[in-house]
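> For reference, the sequence and a predicted model appear below.
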Amino acid sequence: MLRVHFTPDDLLQVTLAPAPAPLMELVLATAMLQQHDIDPVFRRWQHRSLRTLPRAARPLLDLIPPTGKGPLFLDPLSRGLDDGLDQVRASPAAFVQADLKRVCAAERMPTAWTIRLAQQDRDAWQILHNGVRAGHDGLLAPAWERITSGFDTERAWRTQNLARHGLRQMLAGLTHGIRWSGTVLEICSPEHREIHLAGRGITVLPSACWAGRPLIGVYPHGPAVLVYPAVTPLPLLEEPSATDPVAALLGRTRAAILALLTRQRTTTDVARELDISKSSASEHTKALRHARLIVSQREGQAVWHTCTPLGLELIGSTGPISPGTRNPVPPAQG
């Protein structure tokens, strides 16, 4: 379990990231490419992306493990690719060396290239630079408008949730496996770690390219970053549309399922009423359950689903969750 300790100062410095972070999304997308037991939603995306991944991007597979816990210097919270690459190259040599040592000890065997990277070899860093650009162009650039639109919609919804229910409920409701114990945020994880924010605060970032458990990055300077899987993952993101804010956040199928579940229904009911397969209905209801928008209960062979108060609130929302401004929200008040 990850246990994140908040001081009063930390509670005053919880912010929602203002925009998707391209390098962080690239690191997580590269991790998803390598997962054997991948979330079914990402399976076709994974097969297609592995086939088309540019050769120049393949060194990233030596650096980033399937767990997503790659080098912190490689995924700064940047607003653009060029800005992010500048931050990566400006990383202190001691930080890079310690970070690569951590990753190699826990996740990856060192290769000749990563050893040279730690030694600040110019050619090795050029390989990294080329790999990041090629990976971004191959994995993210074609979908970046959809990623940004989905991010803006989710951020607006989380901001609304924060305003209505406060910081504790907003953080605990990001995804399944998160709860509060006093001023400690507990996150279900196979990793056992005590994280003390020590007054630096934390930035909350949804990722469309990640389907795993929430991740915490603690950087030498600035706030920690809490990354959680976005409500709608990359393979299900649709072209931006302002006609239906709930569909913009969840995708049309999940929005339709949520609307059905204002009354209790079984997985079979959902599949029949929306003319989708039972396995597809099961996958979608699982995702909605992980987003804490529905609850499910098994009775014999049937699984019954119904909206949570958060799900009902989302259905009843209008303007505030429409994709809109990308200006940062003020720090949350404790």
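Structure received.

> Skip ahead from the helix or strand of the chain with the lowest mean pLDDT and say which helix or strand is next.
Sorting the helices and strands of the chain by mean pLDDT, DSSP states H and E puts helix 245-250 at the bottom, at a mean of 74. Downstream of helix 245-250, the first helix or strand assigned by DSSP states H and E is helix 252-260.

> Just give me how far that following helix sits from the chain centre.
Put simply, helix 252-260 sits 22 Å off its chain's centre (Cα atoms, centre = their mean, to the nearest Å).

> And for stretch 189-196?
Distance, stretch centre to chain centre, for stretch 189-196: 18 Å (Cα atoms, centre = their mean).

> Now it: average pLDDT?
The predicted model assigns stretch 189-196 a mean pLDDT of 91.

> buried ones in the least confident helix or strand of the chain?
245-250 (16 or more other Cβ atoms under 10 Å). Glycine gets a C-beta too; all of them are placed from N, C-alpha and C.

> so what does that helix touch, helix or strand wise?
helix 144-165, helix 252-260, helix 309-316 (3 or more Cβ pairs under 8 Å, 6 or more residues apart in numbering; DSSP states H and E).

> Least confident of those helices, on average?
It's helix 309-316: among the helices and strands packed on helix 245-250, that one has the lowest mean pLDDT, namely a mean of 81.

> got the contact list for it?
157, 161, 164, 173, 246, 249, 258-259, 261-262, 288, 292-294, 307, 321 (Cβ atoms under 8 Å, 6 or more residues apart in numbering).

> Weed out the non-buried ones from those.
Applying 16+ other Cβ under 10 Å to those flags 157, 161, 173, 246, 249, 258, 261, 288, 292-294, 307, 321 as buried.

> Same list (these) but as a markdown table, adding distance to residue 239.
Converted to a markdown table, the buried ones among the contacts of helix 309-316 look like this (distance: Cβ to Cβ, whole Å):
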| residue | distance to residue 239 |
| --- | --- |
| 157 | 19 |
| 161 | 25 |
| 173 | 27 |
| 246 | 16 |
| 249 | 14 |
| 258 | 20 |
| 261 | 25 |
| 288 | 22 |
| 292 | 27 |
| 293 | 23 |
| 294 | 26 |
| 307 | 27 |
| 321 | 18 |
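
> tally of neighbours for residue 298?
Residue 298 sits with 9 neighbouring residues when counted by other Cβ atoms under 10 Å.

> Helix or strand for it, just tell me which one.
Per DSSP H and E, residue 298 falls inside strand 294-299.

> Show me what that strand is packed up against.
Packing partners of strand 294-299 (3+ Cβ pairs under 8 Å, 6+ apart): helix 278-290, strand 302-307.

> and residue 210, which of those is closest to it?
For residue 210, the closest of those is helix 278-290, at 12.5 Å, according to Cβ to Cβ.

> Following the helix or strand harbouring residue 43 in sequence, what is the next regular element?
Element membership of residue 43 [criterion: DSSP H and E] is helix 43-52. Counting by DSSP H and E, the next helix or strand C-terminal to helix 43-52 is helix 60-63.

> which residues are in contact with the helix holding residue 43?
29, 32-33, 35, 38, 138-139, 234-235.

> Can you give me the buried ones in it?
Residues 45-46, 49 are the ones in helix 43-52 that count as buried (16+ other Cβ under 10 Å).

> now that helix: how far from the chain's centre is it?
19 Å.

> and that helix, what's its mean pLDDT?
Rounded mean pLDDT across helix 43-52 is 94.

> ditto for stretch 9-29
The model assigns stretch 9-29 a mean pLDDT of 94.

> Same check on stretch 56-75?
Here the average pLDDT along stretch 56-75 is 91.

> measure that stretch end to end?
Stretch 56-75 has an end-to-end distance of 18 Å (Cα to Cα, to the nearest Å).

> Just the buried positions in it, please.
Buried, per 16+ other Cβ under 10 Å, within stretch 56-75: 56-57, 59-75.

> okay, the buried residues of helix 245-250 in JSON lines with distance to residue 267 next?
Putting the buried residues of helix 245-250 into JSON lines (distance: Cβ to Cβ, whole Å) gives the following:
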{"residue": "245", "distance to residue 267": "26"}
{"residue": "246", "distance to residue 267": "21"}
{"residue": "247", "distance to residue 267": "21"}
{"residue": "248", "distance to residue 267": "25"}
{"residue": "249", "distance to residue 267": "22"}
{"residue": "250", "distance to residue 267": "17"}
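
> Just the closest of those residues to residue 182, please.
Closest to residue 182, out of all of the buried residues of helix 245-250 and judged by Cβ to Cβ, is residue 249, at 31.4 Å.

> gap between the nearest residue to that closest one once chain neighbours are set aside and residue 162?
Computed as Cβ to Cβ, 6 or more residues apart in numbering, the closest residue to residue 249 that is not its neighbour in sequence is residue 153, at 4.7 Å. According to Cβ to Cβ, to the nearest Å, residue 153 and residue 162 sit 15 Å apart.

> Of the two, which one has the most company?
Neighbours per residue, other Cβ under 10 Å: of residue 153 and residue 162, the larger number sits with residue 153, 27 against 20.
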